[in-house]
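I'll drop the sequence and a predicted model, then ask my questions.
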Amino acid sequence: MTSFPAPLVSLAPMAGVTDIPFRRQVKAFGGRYCVSEMVASEQLARDRIDMVRRAAGADVIKPLVVQLAGREAHWMAEGARLAEAAGADVIDINMGCPSKSVTSGLCGSALMRDPDQALRLIEATVAATTLPVTLKMRLGWDHTYLNAPDIAERAEAAGVRMLTIHGRTRNQFFTGSADWAAIAPVVDAVKIPVIANGDIATAADARRALQLSGAAGVMIGRAAQGRPWLPGAIEHALEHGGEVAPPSQARLLQSLLALYDDTLAFYDEGLGIRVARKHIAWTIDAVLGPSAREHRKAICTLTDPQRVRDGIQALFAEAPVDALWAPA
């Protein structure tokens, strides 16, 4: 088995965020490895349109990394087969989502409480596809049950090619700070690459996470909301030194307008207008901050696409250049 080419910087799977239009912008800014939104394996197999959309992307996003979630081996295997047939390049297994709507169904990070069941899902997924299978999880369910190293060893033995560890437990959700040093025992337990995730928003964060964890790379999550340029910028800074270099005002505007048009085309106009609002809001918050809050609210209530475009262009034209970027 050949070694898996671990990405130095990757974009985390985020439900409602990392759809094809957003990942396309991340790629346009130099982000090399972008994971899809979490796809429910059973619902994908049953051809539910929203899950099919999440798994789409062949010939649009390369490599196409499809993250599957589920609680039954049969459906995880079916989901992996369908994703491969649709053009996926990598299958990622979700064992890290802390959402109650996911863990109440014994999916996501709830599987860390049942390592034997988790292993059955991993084995079924690996056996169902010729593609590399990776795994994303947390440190454990809570601080009394930090079993990520044990699961990592078992996953490696079952054929998993790379691990991503969020430096929190499930019960922490996103509170407190990610513990990058707590990822080091997972790195020590396996020979496959390990990626550190959680609270990485700058090149300095990335360097510190790599130092404390010993990981092969980092994954950028919530800091990329409204900043599709961030993963590529952090990777460039890690490779060449210095901090991230934000895009120009003109490039930021071009990206947001392209994301808006792509979202309307991908979802159809009615749904696309609504889906795009959160990306518009995140971008305005990220690049203009609280001073633009009223303008953001006005733009996000518009229903005519051309008026939305005009509002975005006017807002950027009126903003001071030095107000167009703030650290994550």
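Here it is on my side, so go on.

ranges for the strands of this protein?
Assigned by DSSP state E, the strands in the chain fall at 9-11, 35-40, 65-69, 90-95, 133-138, 162-166, 194-197, 217-220.

now mean pLDDT, mean neighbour count and distance to Tyr145 too, for the ones you listed, in CSV please.
Placement of C-beta: from N, CA and C, glycine included. What follows is the strands of the chain, written out as CSV (pLDDT from 0 to 100; neighbours: other C-beta atoms under 10 Å; distance: least, C-beta to C-beta, whole Å):
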stretch, mean pLDDT, mean neighbour count, distance to Tyr145
strand 9-11, 98, 26, 27
strand 35-40, 88, 26, 23
strand 65-69, 93, 29, 20
strand 90-95, 96, 25, 14
strand 133-138, 98, 26, 11
strand 162-166, 98, 28, 15
strand 194-197, 98, 28, 19
strand 217-220, 98, 26, 23
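
now these in TSV, with distance to Phe29?
Converted to TSV, the strands of the chain look like this (distance: least, C-beta to C-beta, whole Å):
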stretch	distance to Phe29
strand 9-11	11
strand 35-40	16
strand 65-69	17
strand 90-95	21
strand 133-138	23
strand 162-166	21
strand 194-197	20
strand 217-220	12
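
among these, which comes closest to Gln254?
For the strands of the chain, the distance to Gln254 is smallest for strand 9-11, at 19.7 Å, taking C-beta to C-beta.

okay, now the residue nearest to Pro228 when sequence neighbours are not counted: neighbour count?
Excluding the flanking residues, the one nearest Pro228 by C-beta to C-beta, 6 or more residues apart in numbering is Gln25, at 3.8 Å. Close neighbours of Gln25, defined as other C-beta atoms under 10 Å, add up to 23.

so who does Val275 touch?
Asp19, Thr263, Tyr267 (C-beta atoms under 8 Å, 6 or more residues apart in numbering).

do you know how far it is from Asp268?
10 Å (C-beta to C-beta, to the nearest Å).

quick one, phi psi at Val160?
Reported as degrees, to the nearest 10, the phi and psi values for Val160 are phi -70, psi 140.

neighbours of it, how many?
Neighbours around Val160, by other C-beta under 10 Å: 24.

what does Cys300 give?
Quick note: Cys300 (other C-beta under 10 Å) scores 17 neighbours.

touching, it and Trp282? I think so.
No. In this structure Cys300 lies outside contact range of Trp282 using C-beta atoms under 8 Å: 10.7 Å.

got a pLDDT number for the nearest residue to Ala178 once chain neighbours are set aside?
Nearest non-adjacent residue to Ala178, counting by C-beta to C-beta, 6+ apart: Gly198, 2.9 Å away. In this model, Gly198 is scored at 98, pLDDT.

gap between Gly198 and Ala209?
Note on Gly198: its distance to Ala209, by C-beta to C-beta, is 8 Å.

what is in contact with those two at once?
Shared contacts of Gly198 and Ala209 (C-beta under 8 Å, 6+ apart): Gly167, Ala178, Trp180.

measure the nearest residue to Glu235 once chain neighbours are set aside to Lys297 for me?
Of all residues not flanking Glu235 in the chain, Val9 sits nearest, at 3.9 Å (C-beta to C-beta, 6+ apart). Distance, Val9 to Lys297, using C-beta to C-beta: 33 Å.

one more: Gly16?
Gly16 is 20 Å from Lys297, by C-beta to C-beta.

can you give me the pLDDT of the nearest residue to Gly140 once chain neighbours are set aside?
Using C-beta to C-beta, 6+ apart and skipping residues adjacent in sequence, the residue nearest Gly140 is Leu146, 4.0 Å away. We have a pLDDT of 95 for Leu146.

could you do the one 5 residues further on as well?
At Ile151, the model reports a pLDDT of 98.

Leu288 too?
Note on Leu288: pLDDT of 81.

so, low pLDDT: which residues of the chain?
Where the chain drops to pLDDT under 70, the residues are 1-2, 44-45, 47-56, 58, 320-328.

and it, what are its domains?
The record's domain parsing of the chain by automatic domain parsing lists 9-238, 249-323.
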